[in-house]
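[1] I would like to see how this sequence folds:
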Amino acid sequence: MSDPAPDASLAPLSPDEIAALFTRADRQFLFARWGRPLAPVVFGVEDATVSTLKGAIEAVTALAGHRMTDTDPELGANLMVFFIRDWAELTETPGLDRLLPDLAGTVGRLASVDANQYRAFRFDADGGIKAAFVFVRMDAEMAQVPAETIALSQAVQTILLWSDTAFVGASPLAVLSEGGPAILKPQIADLIRAAYDPVLPVAATDPAHALRLAARLPRPQ
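    Presented below is the predicted three-dimensional model:
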């Protein structure tokens, strides 16, 4: 997880910068937003942290102009967040292999690169997100990050299907003053709002979609 860095820039993102956030390592452009209300559930932490995480999800969902619900009629919970100490715990979780195909292979790959977070998504017939599974391994690095920052970061990275390289080396969060709380970068907040414009499709594979998103960003007067 990249540490938020001091950043007060308010410059809107360019179409190329937006396209990069949804262009995967294999050069495929793939954009998707949630096509149904979010119904989150959190495992592996104390009640106070559950409240913190659900509060962050609620805040980011409201920012997007989207909705939350207590229960998804098809899946029950459609946003599952797991906090673990070791990736091997996943292979011991009953039923998880039905949610994550090739669970053993995924666990092996995550352990081999010493990853501390992983997100997997499922999609509906229109290409919109219908479920997400978030895994946070509380290693020494994560243990130094405030719970509020982890919660906000995971909520932001789950509200859209970002590229697998979107935030490598650059967090979507920032701190405006040394030691201050992490906040969502204004440019990313504006992009999330634009992405949930009801006029736009829930999913797109054409890079020209970045132009449509850019056209909906606020511009300095």
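
[2] Remind me what the longest helix along the chain packs against, helices and strands.
    In the chain, with assignment by DSSP state H, the single longest helix is helix 47-64. Helix 47-64 sits against strand 40-43, strand 79-84, helix 147-159, helix 186-195, with contacts defined as 3 or more Cβ pairs under 8 Å, 6 or more residues apart in numbering; DSSP states H and E. Where you see a C-beta, it was placed from the backbone N, CA and C, and this is true even at glycine.

[3] which one is the residue nearest the centre of the chain nearest to, not counting chain neighbours?
    Per Cα atoms, centre = their mean, the C-alpha nearest to the average position across the chain is that of residue 157, at 1.6 Å. Leaving aside its sequence neighbours, residue 157 sits nearest to residue 119 (Cβ to Cβ, 6 or more residues apart in numbering; 6.5 Å).

[4] Can you check the pLDDT for residue 7?
    On the pLDDT scale, residue 7 is placed at 47.

[5] what does residue 170 give?
    84.

[6] Secondary structure of it: a strand, I assume?
    No. Going by DSSP: H, G, I helix; E, B strand; the rest coil, the assignment for residue 170 is coil, not a strand.

[7] So what's the residue count around it?
    Residues lying near residue 170 (other Cβ atoms under 10 Å) number 13.

[8] Give me the phi and psi angles of it.
    Main-chain torsions, residue 170, degrees, to the nearest 10: phi -150, psi 110.

[9] helix/strand/coil for residue 119?
    Under three-state DSSP, residue 119 falls in the strand class.

[10] Going forward, the N-terminal residue is numbered 885.
    Understood, numbering begins at 885; the last thing we discussed is residue 1003.

[11] Compute the inter-axis angle for the longest strand seen in the chain and strand 963-968.
    Counting residues, the longest strand found in the chain (DSSP state E) is strand 1013-1021. Here strand 1013-1021 runs at an angle of 10 degrees relative to strand 963-968 (axes from the mean of the first three to the mean of the last three Cα atoms, to 10 degrees).

[12] Would you mind pulling the contact partners of the helix or strand following strand 1013-1021?
    Later in the chain than strand 1013-1021, the nearest helix or strand by DSSP states H and E is helix 1024-1027. Helix 1024-1027 is touched from outside by 885, 1000-1001, 1020, 1034, with contacts defined as Cβ atoms under 8 Å, 6 or more residues apart in numbering.

[13] Kindly report the same for stretch 956-970.
    Outside stretch 956-970, the residues touching it (Cβ under 8 Å, 6+ apart) are 920-929, 933, 937, 941, 955, 974, 977, 983, 1014-1022, 1038, 1042.

[14] shaky segments in this structure?
    Within the chain, the segments meeting pLDDT under 70 span 885-894, 1061-1064, 1105.

[15] how about a cut-off of 50?
    By pLDDT under 50, the weakly predicted segments of the chain are 886-887, 889-892.

[16] Tell me which helix or strand residue 929 sits in.
    Applying DSSP H and E, one finds residue 929 in no helix or strand.

[17] The nearest residue to it once chain neighbours are set aside: neighbouring residues, count only.
    Leaving aside its sequence neighbours, residue 929 sits nearest to residue 967 (Cβ to Cβ, 6+ apart; 4.8 Å). Using other Cβ under 10 Å, residue 967 is surrounded by 21 other residues.

[18] Can you give me the distance of residue 967 to residue 934?
    Applying Cβ to Cβ, to the nearest Å, the value for residue 967 to residue 934 is 10 Å.
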